[in-house]
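K.L.:
sequence unavailable; structure follows:
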């Protein structure tokens with residue numbers, strides 16, 4: 001099964017938390033029906049990306065990365081790659097690459113927890129968002145894609161955190 005088909009299957013089976021996000025879900029499915037390359041960075045009409053908010057349930061906190069290009073505190077994530085079999089796998093790969101944390105596991109039985117559509121320097125990103133649980137004692141390692149990695153309490157996110165990250169944090173918090 002291709003990544004595109006796996007993503008269509010995951011989004012088709014997923015129940016969005018509200019009407020706005022369900023509208024995004026439908027728009028993602030329409031995008032994937034229209035563009036065979038809609039999962040890949042080369043699709044200039046926009047492309048599906050995958051991200052994972054890393055959660056330390058015991059500590060009541062999340063790990064955010066100060067993204068080197070965007071200069072904002074975000075969850076880990078990025079472009080899908082040809083070797084990814086599912087968007088969940090892509091999100092876990094990105095989370096591990098950007099945080100250095102091994103042994104991450106997805107919450108919500110591996111289903112997406114939220115969606116966000118946003119403009120970036122390369123194209124529109126149709127982000128499929130997951131929440132990943134960090135193992136006890138996890139130590140983060142800053143990657144070349146980050147200026148910083150930092151744990152933030154659920155209720156103490158940086159002041160300039162955008163609404164999409166706050167919504168994702170709230171969805172992840174409800175799962176733990």
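P.N.:
Perfect, I can see it now. None of these values were measured; they are calculated from a predicted model. Numbering: from 1, shown residues only.
K.L.:
quick one, what contacts residue 56?
P.N.:
Shown in contact with residue 56 (CB atoms under 8 Å, 6 or more residues apart in numbering): 62, 63, 134, 138, 151. For the C-beta atoms, the positions are set from N, CA and C on the backbone; glycine is no exception.
K.L.:
which one of the residues you listed is nearest residue 118?
P.N.:
residue 62 (18.6 Å; CB to CB).
K.L.:
helix/strand/coil for the residue nearest to the spatial centre of the chain?
P.N.:
Nearest to the geometric centre of the chain sits residue 51, at 1.7 Å (CA atoms, centre = their mean). What DSSP: H, G, I helix; E, B strand; the rest coil gives for residue 51 is strand.
K.L.:
excluding residues flanking it in the chain, which one is nearest it?
P.N.:
Nearest non-adjacent residue to residue 51, counting by CB to CB, 6 or more residues apart in numbering: residue 77, 2.3 Å away.
K.L.:
give the full set of residues in contact with the residue nearest to the centre of the chain.
P.N.:
With contact taken as CB under 8 Å, 6+ apart, residue 51 is in contact with 74, 75, 76, 77, 78, 91, 94, 95, 127, 128, 129, 130.
K.L.:
could you find the lowest-pLDDT member of those?
P.N.:
The lowest pLDDT within the contacts of residue 51 belongs to residue 78, with 92.
K.L.:
so that residue sits right up against residue 96, yeah?
P.N.:
No - the pair residue 78 and residue 96 fails to qualify as a contact (CB atoms under 8 Å) at a distance of 11.9 Å.
K.L.:
so which elements touch the biggest helix by length in the chain?
P.N.:
Counting residues, the longest helix found in the chain (DSSP state H) is helix 19-34. Judged by 3 or more CB pairs under 8 Å, 6 or more residues apart in numbering; DSSP states H and E, helix 19-34 is in contact with helix 3-13, strand 47-56, strand 114-119, strand 124-133.
K.L.:
next, count neighbours for residue 67.
P.N.:
20 (other CB atoms under 10 Å).
K.L.:
can you pull the contacts of the residue nearest to residue 51?
P.N.:
Going by CB under 8 Å, 6+ apart, residue 77 touches 49, 50, 51, 52, 91, 94, 95, 98, 127, 129.
K.L.:
where's the fourth one relative to residue 168, distance?
P.N.:
Spatial separation of residue 52 from residue 168 under the definition CB to CB, to the nearest Å is 10 Å.
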